[in-house]
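A predicted structure for the sequence below; I have some questions about it.
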There are 4 protein chains.
Amino acid sequence: MARIKSPEKRSAILEAAVHEIVEAGLGAPTAKIARRAGVAEGTLFTYFASKDELLNELYFEIKSELYRRMNAEFPHGASLKERAWYLWSGFLVWAIENPEKRKVSVQLNVSNLITPETRARTTEDRRGIDAILADLSKSPALSEMPAGFAAAMMGAMHEATSEMVAQYPKKRKKLIEQAFRVFWRAVQ
Amino acid sequence: MARIKSPEKRSAILEAAVHEIVEAGLGAPTAKIARRAGVAEGTLFTYFASKDELLNELYFEIKSELYRRMNAEFPHGASLKERAWYLWSGFLVWAIENPEKRKVSVQLNVSNLITPETRARTTEDRRGIDAILADLSKSPALSEMPAGFAAAMMGAMHEATSEMVAQYPKKRKKLIEQAFRVFWRAVQ
Amino acid sequence: MARIKSPEKRSAILEAAVHEIVEAGLGAPTAKIARRAGVAEGTLFTYFASKDELLNELYFEIKSELYRRMNAEFPHGASLKERAWYLWSGFLVWAIENPEKRKVSVQLNVSNLITPETRARTTEDRRGIDAILADLSKSPALSEMPAGFAAAMMGAMHEATSEMVAQYPKKRKKLIEQAFRVFWRAVQ
Amino acid sequence: MARIKSPEKRSAILEAAVHEIVEAGLGAPTAKIARRAGVAEGTLFTYFASKDELLNELYFEIKSELYRRMNAEFPHGASLKERAWYLWSGFLVWAIENPEKRKVSVQLNVSNLITPETRARTTEDRRGIDAILADLSKSPALSEMPAGFAAAMMGAMHEATSEMVAQYPKKRKKLIEQAFRVFWRAVQ
DNA sequence: GATGAATGAGGTTTCATTCAT
DNA sequence: TATGAATGAAACCTCATTCAT
């Protein structure tokens, strides 16, 4: 058999795409992405049929990585508050450790490029997370709100907190905890 | 003397840009924007020196319009809660009435295209708003958080609420009110 | 108003396309066509939306030119034989004077690029020619053959004669006449 | 010793090339040809050093097959008319049974890809055919025409008849016979 | 010999911007 | 000022061919 398609190369391309998009936006040329990944221009297209597919895969991989990480040491038996805290801090730590991926994920999310199929695939790995959010939604404060509100709010507050942490990296631990307190008061 | 540059044409171009960007992202061609605005390709460049400048102006105009509107009937003497409510509902009503502008504003905001100068200009019209946010920041819940946290939090919860209102437009009044209650509890 | 799209440039592009296709086949690059026509690469696409459209237009123009020429001094009242001769010699003279266009026309014709619409447009200018062919079809030799047979036969014999004339250009007059005699005997 | 190159694979590639060229023209990618033939992309190049060579071989094989078939039951002693009829009908039956090969052969013929060497190789198997055509050329009608005229005309009229048969497949027998009558009258 | 991943030159087309009218 | 034709760099993608396996 010929050479087998190498997962390393695939990853290198996705990784390179993250950097280039951070620097140049979604218009970042495939040629530059390929160069940064250390492969030929054409090689990129043996791994991804088109730039659009590359971007969809990138979105999926970023979300996947995050969710996989969140599911890793999930405290299944713990109290709702403990589980909520696990979610809250887990996401923020990831976001802080991967600021570029977070930025790219946001850009892809507001673009029109991500297909419904990709979004659907993305949802599959969210079971654990969604269970917590469903429980949160039952609290008196949110009981009359529509289903996704708890999730939307957590996402939004994550966003805000990430932004603050990016500005004051030294206070990161305190910011995460205090923001959680605000969040918890809101949803109780 | 020569003709004067017409404010109507300028507005038409900005308006057209909003539609095109919603449909095609920030890569929307200037030629299509011009056509939609009913002007010639070249004319666009007599109003805006470059596409980047157009996008910066667009961002500024959207923010300006929003802030101008917020400042219009500002309840200067009112209580903090009343003023917070004014802010809360004012923004959401605008966001609901201008979903395209909101989307474009988000896209521009996460792109690398908006210059610090534009962001600075944008801040000028925020005096009234910032006064409220500064007062909010003094509340016990937020007193130890950095300066922008209250603003970020409000923005985040606005985001979440906008999303929900977009999904359930009929419940819009109730959603705005209940979400405000959640917000107010969180920041108190 | 801005510059008006110049028919000269359009013609230059079509003309250049003929030369390039003769030299390099239908795969001739648009860039080379543009260069030969003395215009920028992009200019080609302001005159023809795509390479396919360019090739369709080229096919149409070649056919058009030929038919226009055939209709020019048409001997409307003359006998069938005289009119057949007019057709026969007219086409051959054109083919001999325009060997490149003839070659390109053949290549386009056997390719899959020419749309039914283009073929239909092409037929419009053929009235005079078709009238003769219809009369020819009524001869005893062809009366039982399907409608297009006379045309196909004439085309075929033209083809053969053109080929011979290309090989023996000096005998061209004699070849055209003798071949017509053969043709006429065949269809009588 | 290593495996020997399989004639079946060679044929499969040529066969696949016919189909692909009919569908996509001479620009048909070697990758698609290989896939359709059921071999790997690279394998194609162990059988044919380049795409050009593949196309030349294809042209040669098509012509070869046709001529081999024509030579099969050749009526050596028969009258000129009988032999001409054998040629006429033999070719047309082949053309009708192999419309794709005929089309590809025409396309290759008008392209610039076929080398003089290939054309020369092609001529070798034509002895029987050329003998008939030489005899035909001596007829009073053609005696003053250059050598290849009879062949060119037969080819052209074949072309025309093939086209008609393709349109009216049911009348095929009658068309072939009547067209031969026209042809015969022309060359007598 | 067979495979198909890798290559990168080259193809078509788009698009921000300029400039003659 | 307004126009839109003209420009050519640069984008995405294709494809014949090579070569490691």
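On my side now, so go ahead. Given the structure is predicted, the values throughout are model-derived calculations rather than measurements.

and A:Lys81, how close does it get to A:Pro75?
In this view, A:Lys81 and A:Pro75 are 11 Å apart by Cβ to Cβ, to the nearest Å. Quick note: C-beta positions are derived from backbone N, CA and C, even for glycine.

how about A:Arg83?
To A:Pro75, A:Arg83 is 6 Å away according to Cβ to Cβ.

ok, the two, which is more surrounded?
A:Arg83 (20 against 12; other Cβ atoms under 10 Å in any protein chain shown).

so what's the more buried one up against?
Counting by Cβ atoms under 8 Å, 6 or more residues apart in numbering or on different chains, A:Arg83 touches A:74-75, A:132, A:135.

likewise for A:Ala2?
Here A:Ala2 is in contact with D:40, D:42 (criterion: Cβ under 8 Å, 6+ apart).

so where does the residue positioned nearest the centre of chain A fall, helix or strand?
By Cα atoms, centre = their mean, the mean C-alpha position of chain A lies nearest to A:Lys63, the distance being 4.2 Å. Per DSSP states H and E: A:Lys63 is located in helix A:51-72.

what about that helix, near DNA strand F?
Yes - using Cβ under 7 Å from any atom of the strand, helix A:51-72 reaches DNA strand F at A:51-52.

buried residues in whatever helix or strand comes next after that helix?
With elements assigned by DSSP H and E, the helix or strand that comes after helix A:51-72 is helix A:80-97. Across helix A:80-97, burial judged by 16 or more other Cβ atoms under 10 Å in any protein chain shown covers A:83-88, A:90-92, A:94-96.

helix A:51-72 and helix A:80-97, what's the angle between them?
140 degrees (axes from the mean of the first three to the mean of the last three Cα atoms, to 10 degrees).

any idea how far A:Val22 is from A:Ile33?
12 Å.

looking at these two now, which is surrounded by more residues?
A:Ile33 (26 against 16).

tell me, how many residues neighbour the residue in chain A that DNA strand E sits nearest to?
With Cβ to the nearest atom of the strand, the shortest gap between chain A and DNA strand E falls at A:Gly42, namely 1.8 Å. Using other Cβ under 10 Å, A:Gly42 has 8 neighbouring residues.

try A:Lys173
10.

residues contacting the residue nearest to A:Pro140 when sequence neighbours are not counted?
Counting by Cβ to Cβ, 6 or more residues apart in numbering or on different chains, the nearest residue to A:Pro140 once its immediate chain neighbours are dropped is A:Gln188, at 7.8 Å. Applying Cβ under 8 Å, 6+ apart, one finds that A:Gln188 lies in contact with A:139-141.

any of those buried? List them.
Buried, going by 16+ other Cβ under 10 Å: A:Ala141, out of the contacts of A:Gln188.

all helices of chain A, in order?
For chain A, the helices defined by DSSP state H occupy A:7-24, A:30-37, A:41-47, A:51-72, A:80-97, A:99-110, A:116-123, A:127-137, A:149-167, A:172-187.

okay, now A:Arg185: neighbour count?
Residues near A:Arg185, counting by other Cβ under 10 Å: 15.

skip the chain neighbours and tell me the closest residue to it.
B:Ala186 is the one closest to A:Arg185 (Cβ to Cβ, 6+ apart), at 5.4 Å.

report pLDDT for the one you found.
With respect to pLDDT, B:Ala186 scores 86.

equivalent analysis for A:Met1, please.
pLDDT, read off for A:Met1, is 56.

same question for the one 10 residues further on.
A:Ser11 is assigned a predicted lDDT (pLDDT) of 97.

same question, A:Ala179
The model's pLDDT for A:Ala179 equals 91.

check A:Thr30 too.
A:Thr30 carries a pLDDT value of 98.

can you give me every residue that contacts it?
By Cβ under 8 Å, 6+ apart, A:Thr30 lies in contact with A:41, A:44-45, A:51, A:54.

ok, A:Leu58 next?
A:14, A:17-18, A:104, A:108.

top of those by neighbour count?
That'd be A:Ala17 among those, by other Cβ under 10 Å, with 27 neighbours.

what about that residue, distance to A:Gln107?
Distance, A:Ala17 to A:Gln107, using Cβ to Cβ: 11 Å.
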